[in-house]
Structure formats: structure tokens, C-alpha cells
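Undergrad: Pasting a predicted model and its sequence here:
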Amino acid sequence: MRLNQSSSLRSRDRENLVEHVFIAEILQESWFVREQPIEILRSEVDVYGYDLVIECNGIIRHVQLKASDSSTRPRRQTVNRFLEQKAGGCVVWVVVCRKLNAGRIALTYRYFGGKRPRDQMPSLGDTPATNPHSKTLRPNIRLLDFRQFDPIPTTADLLDRMFGKAKPVSGIYE
């Protein structure tokens, strides 16, 4: 079975792949284009609503990653309300586009977080999500609508939004 046909069966594998490609894009943009160091830490436990902690320009971001294929149109994402309490909490919705005949993927983004690099994340609201199977309330999970996310076309634009314009650090490459 082809990987794109088995995404629902191997969703964890797909999620890991997208996370690794996302991290690679951020590292390349930061180091080779912006010429500034960036630190990325991965969370081993997903209880506080974030997958990555990223620090750049003296700004810390706790990032919840979401992913979808450009050919699908999910309308909502679930977000843990504890993310609101984290420094620079934000949600990065990675939109994956397969490059035809290239064997690679291209990423664009949708972003929910502060409008400027040091702004706190807006409120997630008070309406809890429900479990799609049992229909029971999930008191620590909130639903965000597609329209609440800002479109971000490139990794460079995403880093500018999250950390401000590049400020190269002298001596880091010597």
C-alpha cells in the first residue's frame, strides 16, 4: 500500500515525518539564510499542549504542531488549554503540499499566536471540545476554527512572525 493511501493507518509515522521536515526547514532558514542560532527542544510528554520549545533572538516559543495535507480542508484543530499558560505559546498548523514528480514535500503554514514576537497567545476561549467517539467533554481541550489562524506562506515569514526580523549574532560561526 502506498504511504499516501495509508496515512490514516500510519498517522504517527506521518506526524513524525512532518515534524522532522518542519524542524529541518526552520534550522536551514535560521542558520543558512538568517545566519543566527536557534535552539529547538522536543517534548517527550504531550500533557501541557506543546510539541517543541524554540528559542531565537532571546524569545522562547512553546509550539503545538498540527498538520494537514493541502488536498484536505480540515476546518478545526484541537488545542490543549495549558498552552495558554506557556511562554510564547502558539500553534503552527503545517500544511503539506506534495511536489509532483519530485519526491519531496513543500510546507506552508497557518499560525495562531501573538501578532508580534513577544505577544502572548490570544485566548483559546471557554468552550471545551468533545471526544469524537464517546461525545464526552474534554475539559482541557479547546477547538480553534480555521479562520482563527493566520496564513503564513514561507518558513522565513513564520520565523519573522515568531521571533522578529533576523539579528545575526557575531562570532557564532567562527
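TA: Great, that's in hand. Residues are numbered from 1 along each chain as shown.
Undergrad: For the rest of this, base every contact and every neighbour count on C-alpha atoms.
TA: OK.
Undergrad: roughly how far is the lowest-mean-pLDDT helix or strand in the chain from the heart of the chain?
TA: Scoring the helices and strands of the chain by mean pLDDT, DSSP states H and E places strand 128-130 at the bottom, with a mean of 86. Strand 128-130 sits 21 Å away from the centroid of its parent chain (Cα atoms, centre = their mean, to the nearest Å).
Undergrad: Sketch out the low-pLDDT regions of this protein for me.
TA: Along the chain, the model assigns pLDDT under 70 to residues 1-10, 100-101, 168-174.
Undergrad: Strands of that one, residue ranges please.
TA: 39-42, 52-56, 59-69, 76-80, 90-99, 104-112, 128-130, 137-145, 150-152 (DSSP state E).
Undergrad: packing partners for the second one?
TA: Taking 3 or more Cα pairs under 8 Å, 6 or more residues apart in numbering; DSSP states H and E as contact, the helices and strands that strand 52-56 lies on are strand 39-42, strand 59-69.
Undergrad: Can you give the contact residues for it?
TA: Contact partners of strand 52-56, identified using Cα atoms under 8 Å, 6 or more residues apart in numbering, comprise 36-43, 60-65, 163.
Undergrad: which residues does the most centrally placed residue in the chain contact?
TA: For the chain, the residue nearest the mean C-alpha position is residue 92 (2.6 Å; Cα atoms, centre = their mean). Residues in contact with residue 92 (Cα under 8 Å, 6+ apart) are 63-66, 109-112.
Undergrad: Leaving out chain neighbours, which residue sits closest to residue 137?
TA: Spatial nearest neighbour of residue 137, chain neighbours left out: residue 130 (4.4 Å); criterion: Cα to Cα, 6 or more residues apart in numbering.
Undergrad: I'd like to know how many residues surround the one you found.
TA: By other Cα atoms under 10 Å, 16 other residues sit near residue 130.
Undergrad: ok now do the closest residue to residue 78 other than its chain neighbours, which residues does it touch?
TA: Distances taken as Cα to Cα, 6+ apart place residue 143 nearest to residue 78, at 4.6 Å, with adjacent residues excluded. Counting by Cα under 8 Å, 6+ apart, residue 143 touches 76-79, 124, 127-129.
Undergrad: Show me what residue 128 is bridged to.
TA: Residue 128 forms beta bridges with residue 142, as assigned by DSSP bridges.
Undergrad: quick revisit: roughly how far apart are the residue nearest to residue 78 and residue 24?
TA: Per Cα to Cα, to the nearest Å, residue 143 is found 28 Å from residue 24.
Undergrad: Among the helices and strands packed on strand 52-56, which comes closest to residue 103?
TA: strand 59-69 (15.1 Å; Cα to Cα).
Undergrad: residues of the closest one that come out buried?
TA: Neighbour-count burial for strand 59-69 flags 60-68 (criterion: 16 or more other Cα atoms under 10 Å).
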